[in-house]
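Trainee: below are the sequence and a predicted model for it; my questions follow.
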Amino acid sequence: MLRLTPYLCLMTKMNWDVLGISTSVACAIHCAVLPLILTSLPIFGINIINNVLFEYMMILLAFIVGSYSLWHGYRRHHHSPAPLFVFSAGMLLLLAKQIWHNYEVLLVPFAVAFIVTAHVRNYRSCRLHNQSHAADCNH
C-alpha cells in the first residue's frame, strides 16, 4: 500500500513563497538568456523559435505555483488581498507580452517585478502575522 503521508507533510512544510520567487527569477533569466541561446540552436539543428506552447506552459507554471503560494498566505496567515492583486497584474502583463510581441521588452521586466513583489509582500506579511496572531485565525 502506497503511503502519501511523507509527501503531504513535505507539501505543507514547503515554503511556497520561496518557490514562487524562484520560479519568477527563473522566468526572468529564461526571458533574458533565451534570445542568446536561440541564435546558436540552429547550428545544432534545433528550432524552438516562437514556440508558443512552451511560453504558455511557463506562464501556466508560474500562475499555478504563484496562485497556490499567495492563496495559502492569504487564507492561513495575513488575510490581505494586496499580494493577490499585485500578482494578478504581473500575470496579466505576462499574458499581454504574448499578445503584443512588439512590446515584450517593455512588459516582461514589469511583469516579473510585480510577481516578485507580490511574493515578497506575501512572505513578509506571513512572517509578520506569525508573530501576532489574530482571533480570527484558523490555525
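Mentor: All right, it came through fine.
Trainee: give me the mean pLDDT for the helix or strand harbouring residue 115.
Mentor: Element membership for residue 115 (DSSP states H and E) is helix 104-131. Averaging pLDDT along helix 104-131 yields 85.
Trainee: that one packs against which elements?
Mentor: Helix 104-131 is packed against helix 16-38, helix 52-73, helix 82-99, with contacts defined by 3 or more CB pairs under 8 Å, 6 or more residues apart in numbering; DSSP states H and E. C-beta coordinates here come from the backbone N, C-alpha and C atoms, glycine included.
Trainee: most packed of those?
Mentor: helix 82-99 (a mean of 18; mean count of other CB atoms under 10 Å).
Trainee: what packs against it?
Mentor: Partner elements for helix 82-99 (3+ CB pairs under 8 Å, 6+ apart): helix 52-73, helix 104-131.
Trainee: dump these to TSV, plus distance to residue 43.
Mentor: Listed next are the helices and strands packed on helix 82-99 as TSV, based on distance: least, CB to CB, whole Å:
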stretch	distance to residue 43
helix 52-73	20
helix 104-131	24
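Trainee: so which of those is nearest residue 18?
Mentor: Judged by CB to CB, the one of these that comes nearest to residue 18 is helix 104-131, at 7.5 Å.
Trainee: the closest one vs helix 82-99, what angle?
Mentor: If you take axes from the mean of the first three to the mean of the last three CA atoms, to 10 degrees, helix 104-131 sits at 160 degrees to helix 82-99.
Trainee: report the angle between helix 104-131 and helix 16-38.
Mentor: Angle of helix 104-131 versus helix 16-38, following the same axes, to 10 degrees, is 160 degrees.
Trainee: how far away from the center of its chain is helix 104-131?
Mentor: Distance of helix 104-131 from the chain centroid (CA atoms, centre = their mean, to the nearest Å) equals 9 Å.
Trainee: still on that earlier bit, now the helices and strands packed on helix 104-131 as CSV including distance to residue 124 and mean pLDDT?
Mentor: Below are these laid out as CSV (distance: least, CB to CB, whole Å; pLDDT from 0 to 100):
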stretch, distance to residue 124, mean pLDDT
helix 16-38, 9, 78
helix 52-73, 10, 85
helix 82-99, 9, 92
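Trainee: fine by me, thanks again.
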